[in-house]
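> Have a look at this fold, sequence not included:
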């Protein structure tokens, strides 16, 4: 019983050691995102306030979409993209932190989410 408890304790400690990855700087306020099953890359993006363009490609095997959510609901919605397809959308963003998510089924809960930090 002790070895199992020790392994569980080590696993919990190691899991707590990871920090969030640093934000990737958007080039020229263009956010390039890849959606996979079930990961967004990059997962954290920093951009300057103003008009931000999202260029998204679905590299997964399942359909995905992208919603950029902030105070008051979705600010951008890129409709469902089949595997290998992409989409684009642009909008003005004030300073703040926004949630990037795929709203299909439980994709967000499975890990298809990210953050946009606007400075």
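Everything's here; your move. The model shown is predicted, which means the values in this text are computed figures rather than measured ones.
> ok, how many other residues are close to the closest residue to residue 63 other than its chain neighbours?
Computed as C-beta to C-beta, 6 or more residues apart in numbering, the closest residue to residue 63 that is not its neighbour in sequence is residue 80, at 4.9 Å. (Each C-beta comes from the backbone N, C-alpha and C, glycine too.) Residue neighbour count, defined by other C-beta atoms under 10 Å, stands at 14 for residue 80.
> Could you list which residues are in contact with residue 80?
Residues counted as contacts of residue 80 (C-beta atoms under 8 Å, 6 or more residues apart in numbering) are 63, 64, 65, 104.
> is the second one in a bridge, and if so with what?
Beta bridges link residue 64 to residue 81 when assigned by DSSP bridges.
> how about low-confidence regions in the chain?
Low-confidence segments of the chain (pLDDT under 70): 1-20.
> Could you rerun that using 50?
1-19 (pLDDT under 50).
> mind listing the helices for it?
2-17 (DSSP state H).
> Does residue 107 touch residue 63 like I think?
No. Under the criterion of C-beta atoms under 8 Å, residue 107 makes no contact with residue 63, lying 9.4 Å away.
> These two: who's more crowded?
residue 107 (21 against 17).
> Report the separation between the more buried one and residue 39.
As judged by C-beta to C-beta, to the nearest Å, residue 107 and residue 39 stand 10 Å apart.
> swap in residue 106?
14 Å.
> where do the strands sit along this protein?
Listed in chain order, the strands of the chain (DSSP state E) span residues 24-25, 30-36, 39-41, 44-47, 50-58, 64-70, 73-81, 86-93, 96-101, 113-118.
> So which residues make contact with the last one?
Contacts of strand 113-118 with the rest of the structure, by C-beta under 8 Å, 6+ apart, involve 23, 31, 33, 40, 42-49, 52, 68, 93-102.
> again with the fourth one
Here strand 44-47 makes contact (C-beta under 8 Å, 6+ apart) with 20-26, 29, 31, 33, 93, 100, 114-119.
> partners of that strand in the sheet?
strand 24-25 (parallel), strand 113-118 (parallel).
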